[in-house]
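Peer 1: mind looking at a prediction? Sequence and model below.
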Amino acid sequence: MNEARQRGCFIAVEGIDGAGKSGQSRALVTWLRSLRLDVLHTREPGGSPGAEEIRQLLVTGEAARWDTLSELLLVYAARRSHLTQTIWPALEAGRWVVSDRFADSSRAFQGVAGGLGLEVVEQVHALVVGDFAPDLTIVLDLDPAVALARTVRRGGSEDRFEKKGLAYQTRVHEGFRALALRSPDTHLLIDATPPVEIVSAALLSAVAQWLALRLPKDRLPKDRLPKDSR
């Protein structure tokens, strides 16, 4: 993976349910493609045929369908498929990858909110994923009550985690914030409270600055970053 990682970049977009990850991921992908980058947009749970099947087991049905450890193992089975079939081949081909969720979701949902603890999550992570990690993780930060209200209005059958309630989503939110704040070199914490277009502008500006400051020059989209990000 070393040669591929020198050419591409892996970005994960995280946050509680209802924070706007899908829309902001699309905005990020559109912007990166405007820089003439070859970008793959994917998601978790899912992102490969097998992982999409596991997704339905995880995000539909009653909240008590799985205990937290079973949940974690299902997530990592899906993640392994996602990595081997989608993410790693894309990076090996020199593409950039933007994923709606990755490993920090397991840390926040199952580790913090679910009560397994981060040590258990990291043990499973080391076995399944090894030392591979996103170059950049973007955490969309939104009040859990606002986010949960959004998901209720949205409706749909993929609501198993929302059924766990506000107290659970509050713990997830706290987990994400802690993860972002402890790793400022690899994480961006973006306020998702303002209107969508304002959040997008803040996110893209922060990503541009991060790319210019943190990525080696041979991994940047040459001469295509905004002037104010250099």
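Peer 2: Yes, it's here.
Peer 1: just list what the host helix or strand of A78 packs against, helices and strands only.
Peer 2: In the assignment (DSSP states H and E), A78 maps to helix 68-82. Applying 3 or more Cβ pairs under 8 Å, 6 or more residues apart in numbering; DSSP states H and E, we find helix 68-82 packed against helix 49-59, helix 103-106, helix 118-128. Placement of C-beta: from N, CA and C, glycine included.
Peer 1: excluding its backbone neighbours, what's nearest the residue nearest the centre of the chain?
Peer 2: Compute the mean C-alpha point of the chain, and by Cα atoms, centre = their mean the closest residue is R101, 2.5 Å away. Spatial nearest neighbour of R101, excluding adjacent residues (Cβ to Cβ, 6 or more residues apart in numbering): E44 at 4.1 Å.
Peer 1: contacting residues around that neighbour?
Peer 2: The contact partners of E44, taken as Cβ atoms under 8 Å, 6 or more residues apart in numbering, are A51, V75, A78, R79, H82, S99, D100, R101, F102, S105.
Peer 1: coming back round to it: quick one: the residue nearest to the centre of the chain and I16 touch, right?
Peer 2: No - R101 is not in contact with I16 according to Cβ atoms under 8 Å; the separation is 10.9 Å.
Peer 1: what comes up buried for stretch 56-72?
Peer 2: Buried residues in stretch 56-72, defined by neighbour count with 16 or more other Cβ atoms under 10 Å: L57, L58, V59, W66, E71, L72.
Peer 1: count of neighbours near the closest residue to T60 other than its chain neighbours?
Peer 2: Closest residue in space to T60, ignoring its immediate chain neighbours: S157 at 5.3 Å, by Cβ to Cβ, 6+ apart. Around S157 there are 9 other residues, counting by other Cβ atoms under 10 Å.
Peer 1: S157 should be in a strand, yeah?
Peer 2: No - using DSSP: H, G, I helix; E, B strand; the rest coil, the assignment for S157 is coil, not a strand.
Peer 1: for Q56, see how far away it is.
Peer 2: Noted for S157: a distance of 9 Å to Q56, by Cβ to Cβ, to the nearest Å.
Peer 1: quick check: pLDDT value at the residue nearest to the centre of the chain.
Peer 2: Note for R101: predicted pLDDT of 98.
Peer 1: let's number from 573 now, not from 1
Peer 2: Sounds good: first residue 573 from here, last item R673.
Peer 1: and it, what does it touch?
Peer 2: Taking Cβ under 8 Å, 6+ apart, we find R673 in contact with A584, V585, E586, K593, R615, E616, P617.
Peer 1: just the ones of those residues in strands?
Peer 2: Using DSSP state E, the members of the contacts of R673 that fall in strands are A584, V585, E586, R615.
Peer 1: the second one contacts V669, correct?
Peer 2: No - using Cβ under 8 Å, V585 is not in contact with V669; the gap is 11.2 Å.
Peer 1: those two: which is more packed in?
Peer 2: Using other Cβ under 10 Å, the more surrounded residue of V585 and V669 is V585, with 31 against 25.
Peer 1: ok, that one - contacts?
Peer 2: Neighbouring residues of V585 by Cβ under 8 Å, 6+ apart: K593, Q596, S597, L600, V670, S671, D672, R673, T709, I710, L712.
Peer 1: show me where this structure has strands.
Peer 2: Secondary structure of the chain by DSSP E: the strands cover 582-587, 611-615, 668-672, 708-713, 759-763.
Peer 1: who wins for proximity to G686 among those strands?
Peer 2: strand 582-587 (16.0 Å; Cβ to Cβ).
Peer 1: may I see the buried residues of the top helix by length along the chain?
Peer 2: The helix that spans the most residues within the chain, counting by DSSP state H, is helix 768-786. Neighbour counts using 16+ other Cβ under 10 Å place V771, S772, A774, L775, L776, A778, V779, A780, Q781, W782, L783 of helix 768-786 among the buried residues.
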